[in-house]
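*Asks:* fold the following, please.
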Amino acid sequence: MPVTADGLPETAAAPGDPAPPPGLVVIGRFDQRPGYGVNRPRGSGSWLFTWTTGGRGRLRQGGTATGAGAGDLVVLGPGVRHGYGVEPGAAHWEFWWVHCGARPSWHPWLQPYGTGDGMYVVPGASGEPHGRIEAAFRRMLADARWTGTGAPPPTPPADDRVAVAHSTTARELALSALEEVVLLTAGAAHAPPSERTDVDPRVLRAQELIAADPGAPHTVRSLAESVSLSPSRFAHLYTRQVGRSPMRALREARLRHAARLLESTDLPVERIAAASGFASPFHFNRVFREHHGLPPGAYRTHCSMVGT
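*Replies:* Residues are numbered from 1 along each chain as shown. I've put the predicted structure just below:
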């Protein structure tokens, strides 16, 4: 029995279950029984974040599917057909969900967990701060109700299940709480290289060199020489153990470095490109836009922390 988002504004004329229109921030918490399911053949105009607290869910996006258990954060990007519901055989699925636009600064945190077709699966990790994540969702639900008069409510009403953040302040408060969720889940799931015991020490050393100075003129040859391997042997070992090539890892580190400089300094874009190891501002602009969906100048406008 398909279940729709009753009471929410619908996306115009899309077949299947309705989704909130782009631009809104909608937060909810459900505990659903077998038979619950949502199907959107055209996807949604916004991002969907789900965090499971009990039972099991099943989500699909395009040709990719995943199960979700307690502690798992599953994110579905916009514009791709998707569906989700209680996993077959499970007694129920209890989860928080948020429809919203994703801040560009979240993409580097989610990207390592991409499974294809715009789906990101951040697995629950041992020691994950479940209490703080749960508190962030509850704060989202309460903040979404705030009208801007007086203080925001400390907690949502006990029977509150869905809220729409209408005011600009309420939306920003809700998105800030969701950013905390993204950082906490992705940070807990990603063990720093120094804490991993299954990675070759030579690969760990190369990762440390990249992280220490992503703007340095690293090459496969220079990194290989630093760990006493041939370039071909090093590239093969690194790719096998990390899941991406050394040069792709270097580019991602440079893009993260550049994003942080855009957010926290007023340096000209040309200087940020040079400080982050890019050969030219033109190349930097092209690669940054491909990665973040925005050119550097627009990213700074949306995400700058200078003067705040």
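*Asks:* what's the burial count for Ala68?
*Replies:* 23 (other Cβ atoms under 10 Å). To be clear about C-beta, it is placed using only N, CA and C from the backbone, and glycine gets the same treatment.
*Asks:* next, it: phi, psi?
*Replies:* Listed backbone geometry of Ala68 is phi -140, psi 120, with angles given as degrees, to the nearest 10.
*Asks:* ok, it touching Gly54?
*Replies:* No: checked against Cβ atoms under 8 Å, the pair Ala68 and Gly54 is beyond contact range at 10.8 Å.
*Asks:* give me the secondary structure label for Arg139.
*Replies:* Classification of Arg139 into helix, strand or coil gives helix, according to DSSP: H, G, I helix; E, B strand; the rest coil.
*Asks:* please tell me how far it sits from Leu73.
*Replies:* Separation of Arg139 from Leu73 (Cβ to Cβ, to the nearest Å): 17 Å.
*Asks:* again with Thr50
*Replies:* Distance of Thr50 to Leu73, given as Cβ to Cβ: 7 Å.
*Asks:* check Ile133 too.
*Replies:* Taken as Cβ to Cβ, the span from Ile133 to Leu73 is 9 Å.
*Asks:* so where's the chain uncertain?
*Replies:* Counting by pLDDT under 70, the chain contains low-confidence residues at 1-16, 125-128, 156-160, 188-197, 304-308.
*Asks:* can you pull out the strands in it?
*Replies:* In the chain, the strands defined using DSSP state E lie at 25-32, 37-40, 47-55, 57-61, 64-68, 73-76, 82-86, 93-100, 114-116, 119-122, 162-165.
*Asks:* wait, which of the ones you listed is closest to Gly215?
*Replies:* When these are compared by Cβ to Cβ, strand 114-116 sits nearest Gly215, at 25.2 Å.
*Asks:* give me the sheet partners of the closest one and which way each runs.
*Replies:* Sheet neighbours of strand 114-116, with direction, are listed as strand 119-122 (antiparallel) (DSSP bridges).
*Asks:* now do the buried residues in the lengthiest helix in the chain.
*Replies:* Looking only at the chain and at elements set by DSSP state H, the helix with the highest residue count is helix 168-189. Buried residues in helix 168-189, counted by 16 or more other Cβ atoms under 10 Å: 170-171, 173-175, 177-182, 184-186, 188-189.
*Asks:* swap in stretch 231-250?
*Replies:* Residues of stretch 231-250 classed as buried by neighbour count (16+ other Cβ under 10 Å): Phe234, Ala235, Leu237, Tyr238, Thr239, Val242, Pro246, Ala249, Leu250.
*Asks:* from those, pick the one nearest Ala144.
*Replies:* If you rank the buried residues of stretch 231-250 by distance to Ala144 using Cβ to Cβ, Ala249 comes first, at 38.0 Å.
*Asks:* show me which pair in the buried residues of stretch 231-250 is furthest apart.
*Replies:* Leu237 and Leu250 (15.5 Å).
*Asks:* tell me which of Arg139 and Leu73 has more neighbours.
*Replies:* When Arg139 is set against Leu73 and neighbours are counted by other Cβ under 10 Å, the residue ahead is Leu73, at 26 against 22.
*Asks:* OK, contacts around that one?
*Replies:* With contacts taken as Cβ atoms under 8 Å, 6 or more residues apart in numbering, Leu73 has the following neighbours: Phe49, Thr50, Trp51, Tyr120, Val121, Val122, Gly124, Val181, Val182, Thr185, Ala186.
*Asks:* surely the fourth one touches Tyr113?
*Replies:* Yes: the pair formed by Tyr120 and Tyr113 meets the contact definition of Cβ under 8 Å, at 4.7 Å.
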